[in-house]
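Chemist: can't give you the sequence, but here's the structure:
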């Protein structure tokens, strides 16, 4: 669109994916302040290149930028013990209850499960303790519900890698879950 | 590498089963797994365990919503990059170097005037989000007797859900959404191929008549406030019909119990 200024294009293509971007960053870096800063850094950079963002692949484009920003940061801070054990359960996110609440669970899903608060906390703790690559793929697949092809584009790996990595991530989750729940 | 949870299952099989569950296998591979499952109890059990684990993750894993201040900062960033974005005509003139001092003064004046509601961006985002696959409705029904009770227990309010099908605005369903930093009900109506999202949430303050309507990113928005509730209708429908919808909806809502 010729008359589509950068800002308008950004608002139309990028902003609808802000929640998904923040959620991914929040899970990757495991604390709300860094997640917020990294999403902002990534998206301000994205604003400059927003012409290269195509309508059909906007979500993958946004998430790829944010995940790369987060992985760079994780690498840069890997030696820093202060951030290594940031508390996932720090309850200071605005709108934290947004999707945790029952109201965002599709009411019609017959397979919807009710977990106790303790079980939910365990699910979140187990995912938080997985390696970042496994956290990432579980967030993209199980929370955001993305198809393998879109995940491949975000992470920048072939489909086969998505399949095996996802499978290993699930295997690890299952192993921990069986340990704790059993 | 054997799956520690199921020694029978090598990594390749686990991967095929996962892709099978996710519906990501092509026809022949899918059929192959299907046949194998008939014969192999160990894989059937692995499949069941896998499925159960996935349901557990889906039910328990938290999705963090972006903080409001982050959204605001990004919007400020957009504004800084494009100060005259609502006036493409002036922008064109500026690019051509034709903008006189008088016109500049006038442009500044114009930019200050039509201050759009800070909520418009959120409404556009929520509307756009709802149009993405499988996000339009949580309860899909053209029956207002189904949609209205659905909100009970999910939100601390129960909005009126008038049926406007006879007027060419069929009810499509309802959804729980998030506007102005709090849960909001979204009623979804149709008009030909257009989707209308009517957001409503409790709001203190005096009643306010419907605005003349604003246009943002190609969407028309009409907002009003009555009986302690804020309302915002947004659609790519033309402004005239969106106003018609707003009038009809309010008169029918006043009649419904």
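Modeler: In hand now; what should we look at? The structure presented is a predicted model; accordingly, all values stated were derived computationally and were not measured.
Chemist: Quick check: buried residues in stretch B:213-225?
Modeler: Neighbour-count burial for stretch B:213-225 flags B:214, B:216-217, B:219-225 (criterion: 16 or more other Cβ atoms under 10 Å in any protein chain shown). Glycine gets a C-beta too; all of them are placed from N, C-alpha and C.
Chemist: Could you see whether chain A lies near that stretch?
Modeler: Yes. Using Cβ under 8 Å from any Cβ of the partner chain, stretch B:213-225 reaches chain A at residue B:217.
Chemist: Distance from the chain centre to that stretch, please.
Modeler: Chain-centre distance of stretch B:213-225: 15 Å, with Cα atoms, centre = their mean, to the nearest Å.
Chemist: got it, and stretch B:246-257?
Modeler: From the chain centre to the centre of stretch B:246-257 is a distance of 23 Å (Cα atoms, centre = their mean).
Chemist: And for it, what's in contact with it?
Modeler: B:144, B:160-164, B:167, B:169, B:198, B:210, B:222, B:224, B:226, B:233 (Cβ atoms under 8 Å, 6 or more residues apart in numbering or on different chains).
Chemist: 6 Å - rerun?
Modeler: The contact list for stretch B:246-257 (Cβ atoms under 6 Å, 6 or more residues apart in numbering or on different chains) reads B:160, B:162, B:164, B:167, B:210, B:222, B:233.
Chemist: Can I get the residues you listed in CSV including pLDDT?
Modeler: Output for these, formatted as CSV (pLDDT from 0 to 100):
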residue, pLDDT
B:160, 87
B:162, 89
B:164, 89
B:167, 86
B:210, 80
B:222, 91
B:233, 94
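Chemist: Out of the residues you listed, list just those in helices.
Modeler: Cross-referencing the contacts of stretch B:246-257 against helices under DSSP state H gives no overlap.
Chemist: Mind picking the lowest-pLDDT entry from the buried residues of stretch B:213-225?
Modeler: Lowest model confidence among the buried residues of stretch B:213-225 falls on residue B:217, which carries 75.
Chemist: check contacts around that residue.
Modeler: Residue B:217 makes contacts with A:12, B:124, as judged by Cβ under 6 Å, 6+ apart.
Chemist: Quick check: phi and psi at it.
Modeler: Dihedral pair for residue B:217: phi 50, psi 30, per degrees, to the nearest 10.
Chemist: now swap in residue B:199 and tell me
Modeler: The phi and psi values for residue B:199, taken as degrees, to the nearest 10, are phi -90, psi 140.
Chemist: thinking it is in contact with residue B:232, fair?
Modeler: Yes. The pair residue B:199 and residue B:232 qualifies as a contact (Cβ atoms under 6 Å) at a distance of 4.8 Å.
Chemist: Whichever strand or helix holds residue A:118 packs against which elements?
Modeler: Element membership for residue A:118 (DSSP states H and E) is helix A:117-129. Judged by 3 or more Cβ pairs under 6 Å, 6 or more residues apart in numbering or on different chains; DSSP states H and E, the packing partners of helix A:117-129 are helix A:159-181, helix B:41-60.
Chemist: Tell me which of these sits most buried.
Modeler: Ranked by mean neighbour count, the helices and strands packed on helix A:117-129 are led by helix A:159-181 with a mean of 19 (mean count of other Cβ atoms under 10 Å in any protein chain shown).
Chemist: and it with helix B:41-60, angle?
Modeler: Relative orientation of helix A:159-181 versus helix B:41-60 (axes from the mean of the first three to the mean of the last three Cα atoms, to 10 degrees): 80 degrees.
Chemist: what does helix A:159-181 rub up against?
Modeler: If you take Cβ under 6 Å, 6+ apart as the criterion, helix A:159-181 is touched by A:122, A:126, A:130, A:134, A:137-138, A:141, A:148, A:151-152, B:3-5, B:14-15, B:18-19, B:53.
Chemist: Please state the offset of it from the chain centre?
Modeler: Distance, stretch centre to chain centre, for helix A:159-181: 16 Å (Cα atoms, centre = their mean).
Chemist: And the residue of chain A closest to chain B?
Modeler: Distance from chain B to each residue of chain A (Cβ to the nearest Cβ) is smallest for residue A:123, at 3.1 Å.
Chemist: Excluding sequence neighbours, find me the nearest residue to that residue.
Modeler: Of all residues not flanking residue A:123 in the chain, residue B:60 sits nearest, at 3.1 Å (Cβ to Cβ, 6 or more residues apart in numbering or on different chains).
Chemist: check contacts around the one you found.
Modeler: For residue B:60, the contacting residues are A:115, A:120, A:123, by Cβ under 6 Å, 6+ apart.
Chemist: For those, give me JSON lines that also has distance to residue A:16 and pLDDT.
Modeler: Shown next, in JSON lines, are these (distance: Cβ to Cβ, whole Å; pLDDT from 0 to 100):
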{"residue": "A:115", "distance to residue A:16": "29", "pLDDT": "79"}
{"residue": "A:120", "distance to residue A:16": "27", "pLDDT": "90"}
{"residue": "A:123", "distance to residue A:16": "27", "pLDDT": "94"}
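Chemist: Would you write a PyMOL line that selects the buried entries of those?
Modeler: The PyMOL command for the buried members of the contacts of residue B:60 (criterion: 16+ other Cβ under 10 Å) is given here:
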select buried, chain A and resi 120+123
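Chemist: now the helices: where do they sit in chain A?
Modeler: Remark: helices assigned in chain A by DSSP H are A:6-13, A:18-29, A:32-48, A:58-76, A:81-84, A:97-100, A:117-129, A:132-138, A:148-155, A:159-181.
Chemist: Is chain A within reach of the one helix or strand residue B:28 maps to?
Modeler: Element membership of residue B:28 [criterion: DSSP H and E] is helix B:27-39. No. Residues of helix B:27-39 contacting chain A under Cβ under 6 Å from any Cβ of the partner chain: none, with a closest distance of 11.1 Å.
Chemist: From the chain's centroid, how far away is that helix?
Modeler: Offset of helix B:27-39 from its chain centre (Cα atoms, centre = their mean): 38 Å.
Chemist: For it, the averaged confidence score.
Modeler: 86.
Chemist: same check, this time on stretch B:242-257
Modeler: Taken as a whole, stretch B:242-257 has a mean pLDDT of 86.
Chemist: still on that earlier bit, I'd like the helices and strands packed on helix A:117-129 laid out as JSON lines, including distance to residue A:55.
Modeler: Formatted as JSON lines, those follow (distance: least, Cβ to Cβ, whole Å):
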{"stretch": "helix A:159-181", "distance to residue A:55": "23"}
{"stretch": "helix B:41-60", "distance to residue A:55": "28"}
